[in-house]
Every structure is written in structure tokens, then in C-alpha cells.
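Colleague: Below is the structure, and that's it, no one-letter string:
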């Protein structure tokens, strides 16, 4: 395929190289008018500027061309101005590691983006706009869980002197077991010198207690929160 | 070895079976006086009652006997009354999965507990009392990190419809990447219906921001906290 690749410094995908490696002819696009000969146009620009790029490209799009954007915050709908010219549109955005999410407006778009993803060897999941905010929040939460893991791992490392063991426990590779009682949590909390760490300890105790139905721990955490 | 095994319903170790499987003669101890013939006595009782059991056992202990307790909250020091009778004392407590921690009061105690752990095939780390509170707090934090992982995983599962992918991201098997900006976090937070989840989102955003030096996110989180 002749591929036009419109990107800016926000593009952290390696789609350009991957497409080239697969034998496609990939040309960088700097002006919208340059897409005329392209069968496929990849739009890998900063999310905030995606709508304006779409408007500009729509002036030169034609029936049968394929347009794919890589912005995780948007589904295929954002490409509507291109779709009304008769082009096929889809979203193909990197989520985490080798996991990507896709979206399309119709069956043809779905088929094409799945074929392209398969050719690229990507692990993709369709995510409609109705689930997009959930996805983004879940991804943020996964990033936050890393902070909790970091705190757990650094405390365990200090205590055990062994990084592998500390990380295995912090990551849940081996189970940390049941929650201790309120008296023990309270003593652990009282011994913490770092205020940020101590606050996070209480916050997470509260959420853990909510999840497990440990009412006494939840009440303790709420009390700590109010007192601080 | 002739092993006396003093335990109650709080004993979740499988030391008794493991010692038997290794060919030792293991007898349950119900009265302190029954330890007279034992070369090794395992004390696997509720932590809160450990001191009183130690006092009672000390009346019957003799030089050369080995006493080992399994309470994670204590080091070997709690066995002092036994040690003064000339017995060798040590702590061998399960931490997480196959990871155990050990403590002793002298070189002989260290050697013996390491030999016993090696015979049992346990992965052990020495933890002195000076690091015990850190260890316990780190273990609690690891348990809490599980709560954050659970929230991330359930959101991602709803969005992706694939448990393996959701768990891989939530557990950090694949990286969730960089933190989004404040505007995106704020939008994600605003869309959350579950108040406990939304509160934890802000709490964890704040801790993550502290760790990464993202001042704008930290300020946003503090503002949310005050406003709620």
C-alpha cells in the first residue's frame, strides 16, 4: 500500500517503521494536499490538534481512501468529516505495551482495521465511545496502582534487603495474605515518618476495607482522615 | 528430631506436615510439661497469647532444647524467658507465599534456624526487630496495592471485555505509560459514579504525583480532597 504518514513529536508509536518493514511505501505527509495518491493515511498527531488536522485533510480526501488515527482519547467518530467524503475511517490507538484499541464506524471500517492490526501483529480490542472514558480512567488507575506498588516495594526492600522478594510481594506475584487488624494497622501507621506515605497508607486502607467489607478498618481510616 | 508442636486455630503454616514429611517425630503439645522429651518445640499460637505461652513453657525448658515461634509480629526476643533456661531460640514466620522471615538472638540460633529452613525448603530472610515495623507496614501496603489493582482491573475489564489484557495492565505486566494531564484526569474523575472509587482515584493521583513530581496533578488532587 501507499501510506501517507502525518505525525508530530507526540507520536510514540512505531507504526511508521512497522508499515515500512511490512513492505508498504510510507511517505511523511506535511501538507494535506500530499495525501492524494495515498491509499492509507495514518494520522498520528497530538490529540488536541486532531480535529483541525481532520478538517484540513477532508478537503483532499476521496472515496475509497482509508484514514486511521492513533489518539487514545477518541474513537473513529472524530474522523466524521473524512467519512462523509466517502473515505473509510478507523481508530487504532496504543493502550499499554503491545495492547492496542480499535474503533470504526461501520463494518467495512472494522474489517479493514482488524486486517491492518493483524498484519502489524498487534493485540487489539474494540472499544466503542461508550466505554472510552472507563478505559482511560482504568488506565490512569493502573498507573496509580504502580505508585502503591512502589511504596510497598520500597518498604519491603528496606526490611528484607532483597529486591526480588520485595517486588514479588508488592506486585502480588506472591499473596500478601489477609488484612491485619485495626490495632496493627494503627501501630504501623503511627511508626511512619513520611507524611505522604502515611496519608497514602490510610487512604488505601480505607479503599481496601471498602472492597473487603472490613468495617472497623474503614472507620479507623475515616477517623484518621478527619483527624489529620 | 523429636518435635513438640504447640499450636492453636490461628496456625496457618504447614510446618507440622512438612516436619513429618521430612521424617521427624512430631507430637502435638497441649500441656507445657509435655515438652520435656522434645529436641525442638514449635510455638505456632495466636500472637496475642504468645507471651503467656512462653512463660508457661519456660517452667519446663532445659538447656539444649530449641524453641521456634512463628509469629510475624515478633522477633526472637519474645522468647527471652526460654533463652535464659539455656535453650536456643529463634523466630521463623511466614511472610507471603513461600517467603519467610527469620530472627535469632545469637550465632547458634541463626545457624540452627537457617539449617531448619533449608531442610524445609523455605526461602527465608533475616529481619531484625529494628526492621520489623517496616516489614509489617510494607506487607500491609502490598495488600493495599492489591485493592488499587482490583479497581484498575475491573475498570479495564469493563472497557476491554478481556480479563487477561485488563489484568496485565492493572498488574503492570505491561506498562500503563505516563500519567495523563490534569484536564484528562479531571474528566475521568468527573465521570465516575462510584464515590469510593472516585475518592480513591484522587487519593492515588496525589500519591502518584508526589512520587513523580507532577505538581499540577498534586495540586488538583489536594483541591478535590478539600472540596469533597
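Modeller: Thanks, I have the structure now. Just so it is clear, the structure is predicted and the values come from calculations on it, not from any experiment.
Colleague: Could you break chain A into its assigned domains?
Modeller: A:2-127, A:136-227 (automatic domain parsing).
Colleague: Start and end of stretch A:49-63, how far apart?
Modeller: 24 Å (CA to CA, to the nearest Å).
Colleague: what about the residue positioned nearest the centre of chain A, which helix or strand?
Modeller: Residue closest to the mean C-alpha point of chain A, counted by CA atoms, centre = their mean, is residue A:95 at 3.7 Å. Taking DSSP states H and E as the criterion, residue A:95 maps to strand A:88-96.
Colleague: And the next helix or strand past that strand?
Modeller: strand A:99-104.
Colleague: Does that next one pack against any helices or strands, and if so which?
Modeller: Strand A:99-104 is packed against strand A:88-96, helix A:107-120, strand A:123-126, helix B:163-170, with contacts defined by 3 or more CB pairs under 8 Å, 6 or more residues apart in numbering or on different chains; DSSP states H and E. In this view, the C-beta of every residue, glycine as well, is placed from N, C-alpha and C.
Colleague: do the first one and chain B meet?
Modeller: Yes. Looking at strand A:88-96 against chain B by CB under 8 Å from any CB of the partner chain, the contacts come from A:95, A:96.
Colleague: Go ahead and name everything in contact with the lowest-mean-pLDDT helix or strand in chain A.
Modeller: Least confident helix or strand, chain A: helix A:215-227 with a mean of 89, by mean pLDDT, DSSP states H and E. Residues from elsewhere that reach helix A:215-227, judged by CB atoms under 8 Å, 6 or more residues apart in numbering or on different chains: A:179, A:181-182, A:185-186, A:189, A:202-203, A:205-206, A:208-210.
Colleague: Selection in PyMOL covering whichever of those are buried, please.
Modeller: Buried residues within the contacts of helix A:215-227, by 16 or more other CB atoms under 10 Å in any protein chain shown, are selected in PyMOL with:
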select buried, chain A and resi 179+182+185+186+189+202+203+205+206+208+209+210
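Colleague: Show me which pair in the contacts of helix A:215-227 is furthest apart.
Modeller: Pairwise distances across the contacts of helix A:215-227 (CB to CB) peak at 18.8 Å, for the pair A:181 and A:203.
Colleague: Relative to residue B:43, how far out is the residue of chain A most remote from its centre?
Modeller: What lies farthest from the middle of chain A is residue A:183; by CA atoms, centre = their mean that is 38.6 Å. Computed with CB to CB, to the nearest Å, the distance linking residue A:183 and residue B:43 is 21 Å.
Colleague: Might you list the low-confidence residue ranges for chain A?
Modeller: A:227-228 (pLDDT under 70).
Colleague: ok so, going back, does the residue nearest to the centre of chain A really touch residue A:72, like I thought?
Modeller: Yes. Counting by CB atoms under 8 Å, residue A:72 is a contact partner of residue A:95 at 6.6 Å.
Colleague: Can you work out which residues contact both of the two?
Modeller: With CB under 8 Å, 6+ apart, residue A:95 and residue A:72 have common neighbours A:101, A:135.
Colleague: Packed most tightly, which of the domains of chain A would that be?
Modeller: Burial of those is given as mean neighbour count (mean count of other CB atoms under 10 Å in any protein chain shown); domain A:136-227 ranks first at a mean of 20.
Colleague: Leaving out the residues flanking it, which one is nearest to residue A:147?
Modeller: Excluding the flanking residues, the one nearest residue A:147 by CB to CB, 6 or more residues apart in numbering or on different chains is residue B:208, at 3.9 Å.
Colleague: Surely that neighbour is within a helix?
Modeller: Yes. Secondary structure assignment places residue B:208 in a helix (DSSP: H, G, I helix; E, B strand; the rest coil).
Colleague: where's residue A:134, which helix or strand?
Modeller: helix A:132-160.
Colleague: Quick check: which helices or strands does that helix pack against?
Modeller: Against helix A:132-160 (3+ CB pairs under 8 Å, 6+ apart) you get strand A:88-96, helix A:163-170, helix A:195-212, helix B:132-160, helix B:163-170, helix B:182-190, helix B:195-212.
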